[in-house]
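Undergrad: Need coordinates for the below:
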Amino acid sequence: MNVSRSYLQSDSNVKKISGHITKKVADRLNDIFKKDRKEFEEKWDNLKLFINYGILTDEKFFDKASKFYLFKNTDGKYFTFEEYKKLIESNQTDKDKNLIYLYASKLEEQYSFIENAKNKAYDVLLLDGDLDSHIINKLEQKFEKSRFSRVDADVVEKLIQKEENLESNLTQEEQEEFSPVFKSILGNNFNVSFETLKEDSAPIIITQNEFMRRMKDMAELSGGGTPYYGNMPDSFNFVVNSNHPLIKKVKEEKDIALKDKIENINAEIIPLDSEKMDLEKSKEGKKEEEILQADKDKLEDVNKKIEDLKRNKNEFISKYGKENKLVSQLIDLALISNNMLKGKALDKFVKRSLEIMK
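TA: All right, here's what the predicted structure looks like:
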């Protein structure tokens, strides 16, 4: 093609040429796909980066590429958009009628999460390319009532929310009292929560928030284009299965070992809670300036006493957790399943395992 420099200097002409080339490339790829799909699938991994870039930079290219774009799942099978939608829509539609596309980005590291999903007859895509985090956002905008979720973003029961409701063995108050047992060993990068899962599910599962992880991935890829997310530390969710037999065992042993201490502190907290409720009730309907300073001071004093007692309770519950070998073993097993236990911590786990087996 013989094109003069002055012709190319026009932005509109550059766009015309670019659009013409894009159309020819898309048409050619579509022809190859229709003529010999097997060959196209064999070349897909090499073509994917180029096609992803075209999709992200040219809306018209996306429209054409949607006919031959291929999803690859963790079993190495290829599907067009329509084929994959038909494959998963009967089993991967949540209670709000959203179609959930599960995906993995690292086969080995996310193996246990992938297997958990497969055990529920879910299919998992492999999206491990450089531009895949951007492609996911693009497809979520294009696909109606659809959402992409990485397999380690949550426990498998919550990745695709169904109507199924399980009853927890722990009340909210029991969970709050139990959580210091695990927090005592974990660092600040972990948020401890309890989930009502089946007894045969793992006792502890470590997940990573989908939105935050995706933003960090995109920030890393863009070289700091979104520094707010890129500079934030990794944050993980430490999910405790409140219905697992080993978790029940830890709680029962904790209740027996700390029974007297907990009962004594709770006995001090109960009247203070009652006094706090009375003081707060006396404030109802009054403006701030109408409340006596003595009542404000009294309420502040009661709150402080309650906080001190709860802090004291958490301290000896935390101490119990730190010294409990079963708790340490459960936490380390969860860390190992996520490739997060290394060095000295891994050595301690091995030695503890040998000691437990004696």
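Undergrad: Wait, a strand at residue 25?
TA: No - assessed by DSSP: H, G, I helix; E, B strand; the rest coil, residue 25 does not belong to a strand; its assignment is helix.
Undergrad: secondary structure class for the nearest residue to it once chain neighbours are set aside?
TA: Nearest non-adjacent residue to residue 25, counting by Cβ to Cβ, 6 or more residues apart in numbering: residue 54, 7.3 Å away. (Glycine included, C-beta is placed from N, CA and C.) For residue 54, the secondary-structure state derived from three-state DSSP is helix.
Undergrad: okay but residue 54 is in contact with residue 60, surely?
TA: No - in this structure, residue 54 sits apart from residue 60 without contact. The criterion is Cβ atoms under 8 Å, and the distance is 9.5 Å.
Undergrad: neighbour-wise, which of the two wins?
TA: residue 54 (18 against 12; other Cβ atoms under 10 Å).
Undergrad: Which positions within stretch 311-331 qualify as buried?
TA: Of the residues in stretch 311-331, 313-314, 317-318, 320-321, 324, 327-328, 330-331 count as buried by neighbour count, 16 or more other Cβ atoms under 10 Å.
Undergrad: which residues touch that stretch?
TA: Contacts to stretch 311-331, defined as Cβ atoms under 8 Å, 6 or more residues apart in numbering, come from residues 177-178, 180-186, 203-204, 246-247, 249-250, 253-254, 257-258, 261-262, 265-266, 349, 352-353, 355-356.
Undergrad: hmm, which of those are the buried ones?
TA: Burial of the contacts of stretch 311-331 was assessed by neighbour count (16+ other Cβ under 10 Å); the buried members are 177-178, 180-186, 203-204, 246-247, 250, 254, 258, 262, 265, 349.
Undergrad: residues contacting the residue nearest the centre of the chain?
TA: Within the chain, one residue has its C-alpha closest to the average C-alpha position: by Cα atoms, centre = their mean, that is residue 153, at 2.4 Å. By Cβ under 8 Å, 6+ apart, the residues touching residue 153 are 159, 207-210, 213.
Undergrad: If we use 10 Å, what do you get?
TA: 102-103, 113, 159, 207-214, 237 (Cβ atoms under 10 Å, 6 or more residues apart in numbering).
Undergrad: Can you pick out the ones from the residues you listed that are in helices?
TA: If you go by DSSP state H, these have 113, 159, 210-214 in helices.
Undergrad: For residue 194, what are phi and psi?
TA: Taking degrees, to the nearest 10, you get phi -110, psi 140 for the backbone angles of residue 194.
Undergrad: contacting residues for it?
TA: Contact analysis of residue 194 by Cβ under 10 Å, 6+ apart lists 168-170, 172, 174-176, 178-179, 182, 238-243, 247.
Undergrad: how near is it to residue 318?
TA: Remark: distance between residue 194 and residue 318 (Cβ to Cβ, to the nearest Å) = 17 Å.
Undergrad: Residue 66 is in contact with residue 85, correct?
TA: No - taking contact to mean Cβ atoms under 10 Å, the distance of 11.7 Å between residue 85 and residue 66 leaves them out of contact.
Undergrad: Selecting buried members of the contacts of residue 153 in PyMOL, what would you type?
TA: Of the contacts of residue 153, the buried ones can be selected in PyMOL as follows, counting by 16+ other Cβ under 10 Å:
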select buried, resi 102+103+113+159+207+208+209+210+213+214+237
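Undergrad: And for residue 27, nearest residue in space, chain neighbours not counted?
TA: Taking Cβ to Cβ, 6+ apart, and ignoring the residues beside it in sequence, residue 27 has residue 64 as its nearest neighbour in space, at 7.2 Å.
Undergrad: Next up, the contacts around the one you found.
TA: 22-23, 25-27, 29-30, 54-55, 58.
Undergrad: ok, back up a step: so which of the buried residues of stretch 311-331 would you say is closest to residue 47?
TA: residue 331 (43.6 Å; Cβ to Cβ).
Undergrad: Which helix or which strand is home to that closest one?
TA: Residue 331 is part of helix 325-337, with elements assigned from DSSP states H and E.
Undergrad: ok, then the element right after that helix?
TA: Once helix 325-337 ends, the next helix or strand along the chain (criterion: DSSP H and E) is helix 343-357.
Undergrad: Take the buried ones among the contacts of stretch 311-331 and keep only those in helices.
TA: Among the buried ones among the contacts of stretch 311-331, the members falling in helices (DSSP H) are 177-178, 180-183, 246-247, 250, 254, 262, 265, 349.
Undergrad: Including pLDDT and distance to residue 130, could the residues you listed go into a markdown table?
TA: Putting these into a markdown table (pLDDT from 0 to 100; distance: Cβ to Cβ, whole Å) gives the following:
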| residue | pLDDT | distance to residue 130 |
| --- | --- | --- |
| 177 | 94 | 46 |
| 178 | 95 | 43 |
| 180 | 95 | 42 |
| 181 | 95 | 42 |
| 182 | 95 | 36 |
| 183 | 93 | 37 |
| 246 | 96 | 40 |
| 247 | 96 | 40 |
| 250 | 96 | 43 |
| 254 | 96 | 47 |
| 262 | 96 | 53 |
| 265 | 96 | 54 |
| 349 | 93 | 34 |
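Undergrad: What does the pLDDT read for the closest residue to residue 134 other than its chain neighbours?
TA: Taking Cβ to Cβ, 6+ apart, and ignoring the residues beside it in sequence, residue 134 has residue 56 as its nearest neighbour in space, at 5.7 Å. On the pLDDT scale, residue 56 is placed at 91.
Undergrad: Please name the residues that touch residue 56.
TA: Shown here is residue 56, whose contacts under the criterion Cβ under 10 Å, 6+ apart are 62, 131, 134-135, 137-138.
Undergrad: Can you tell me which of those residues lies closest to residue 148?
TA: Sorting the contacts of residue 56 by distance to residue 148 puts residue 137 at the head of the list, at 8.5 Å, by Cβ to Cβ.
Undergrad: Alright, calling it a day.
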